[in-house]
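Asks: Sequence and computational prediction follow.
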Amino acid sequence: MKTNMELSRAKAAMGIMLKENNYVQRIPRSKIMKSESGPFSGIVWYEYTFSNAQTLAESKKYLKKIKRSDSNLTLKNCPIVYRVILRPPTKSFKRWTGQIYLDTNRKDSAYGRSYDIQLLNDRSSRVLN
């Protein structure tokens, strides 16, 4: 029950943050999922991916760079998506915080990403208020 309430709060906070930062037109690519860094660390965040016109354009550039066809590319299958990381309020910081960046739709560690994807992550990273 507590988990459902936390997830509902995270969905509401994410929706507000994305709307306030003009990410209104979007196609969900994953559900909002809760992650934790360890069972006793207390570090929790929520993750979500979506695509839009910008991710489609970045996907075309990416596929061209790796010499693959983009002929069947759509918002539902583009390899580049926006990844949103949302952190819930803590005792010391009383509000939701978020970050958004372009990434692949795969959940790779930083070591599994190509140099081009790492550059894309860094170049597109923004804090969500």
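Replies: On my side now, so go ahead.

Asks: Check the gap between the most centrally placed residue in the chain and Asn72 for me.
Replies: In the chain, the centroid-proximal residue (C-alpha atoms, centre = their mean) is Arg83; its distance is 1.2 Å. Separation of Arg83 from Asn72 (C-beta to C-beta, to the nearest Å): 23 Å. C-beta coordinates here come from the backbone N, C-alpha and C atoms, glycine included.

Asks: Mind telling me what element the residue nearest to the centre of the chain is part of?
Replies: When elements are assigned from DSSP states H and E, Arg83 belongs to strand 80-87.

Asks: What helices and strands are in contact with that strand?
Replies: Counting by 3 or more C-beta pairs under 8 Å, 6 or more residues apart in numbering; DSSP states H and E, the packing neighbours recorded for strand 80-87 are helix 2-20, strand 44-51, helix 53-65, strand 97-104.

Asks: Switch those over to CSV; also include distance to Leu120, mean pLDDT and mean neighbour count.
Replies: Compiled in CSV, the helices and strands packed on strand 80-87 are given as follows (distance: least, C-beta to C-beta, whole Å; pLDDT from 0 to 100; neighbours: other C-beta atoms under 10 Å):
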stretch, distance to Leu120, mean pLDDT, mean neighbour count
helix 2-20, 19, 91, 14
strand 44-51, 14, 95, 20
helix 53-65, 7, 95, 16
strand 97-104, 5, 95, 19
